[in-house]
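Colleague: Sequence below, structure please.
(one chain, ligands or ions: 1)
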Amino acid sequence: MSSAIYPGSFDPVTYGHFDIIQRAAKAFEHLTVSVLNNKVKSPLFSVEERVRMLEEVCKDIPNVTIDSFSGLLADYARKKHTDVIIRGLRAITDFEYELQMAQTNRKLVDHVDTVFLTTSLEYAYLSSTTVKEVAAFGGDITQFVPPCVAKKIYAKFQQREP
Ligand code: PNS
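Modeller: Just a heads-up that it's a prediction; the model follows:
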């Protein structure tokens, strides 16, 4: 188990994601954090913007690479010759969807396993969606996302930083 993929929307990356990235990077020789290019969702940030933010946030972790993908995660894992997918679990409400996804991915590529890392308690409540909502109404998001990300969110909503 030397390399792993941590896939997600990362719209945008939060301290909760960063916590998972740091811990997964300690457990695996190499970690690819990969942004899904989802044509169905309407993200706040483009894939390129999300990749750039992740690159900035992860710049001091030498064994982390940032990438993006389209289509099925299982196909992407096969293409990357990686057997391990990392996902963070915040609460029991995440579990059903995550279990279904892990089992589907394993059906699609039988050597792919999903490794779940439980989110650190201080980030258990945190999601990109709530961060965007707080920012949209002018709230302070500096405790939820790294400073460079907060700046980009405020710029999207054309607000001054608190
Ligand atoms: O950060 P998210 O939005 O919870 O990440 C979800 C993600 C990107 C991991 C998931 O939607 C995904 O893997 N999408 C790719 C399409 C796919 O493979 N779907 C089948 C799995 S059930």
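Colleague: So which bits of stretch 110-126 are buried?
Modeller: Within stretch 110-126, the residues that qualify as buried are Val112, Thr114, Phe116, Leu117, Thr119, Ser120, Tyr123, Leu126, counting by 16 or more other CB atoms under 10 Å. For every residue, glycine as well, the C-beta is placed using N, CA and C.
Colleague: Before we move on, what's the pLDDT of the nearest residue to His111 once chain neighbours are set aside?
Modeller: The spatially closest residue to His111, leaving aside those adjacent along the chain, is Asp83, at 5.2 Å (CB to CB, 6 or more residues apart in numbering). Residue-level confidence at Asp83 comes out at 94, pLDDT.
Colleague: Hmm, Ala77 and Asp83 touching each other?
Modeller: Yes - counting by CB atoms under 8 Å, Asp83 touches Ala77, with 7.5 Å between them.
Colleague: hey, what's in contact with both of the two?
Modeller: Common contact partners of Asp83 and Ala77 (CB atoms under 8 Å, 6 or more residues apart in numbering): Val112.
Colleague: Please identify which of those two sits among more neighbours.
Modeller: Between Asp83 and Ala77, Ala77 has the larger neighbour count (other CB atoms under 10 Å), namely 26 against 16.
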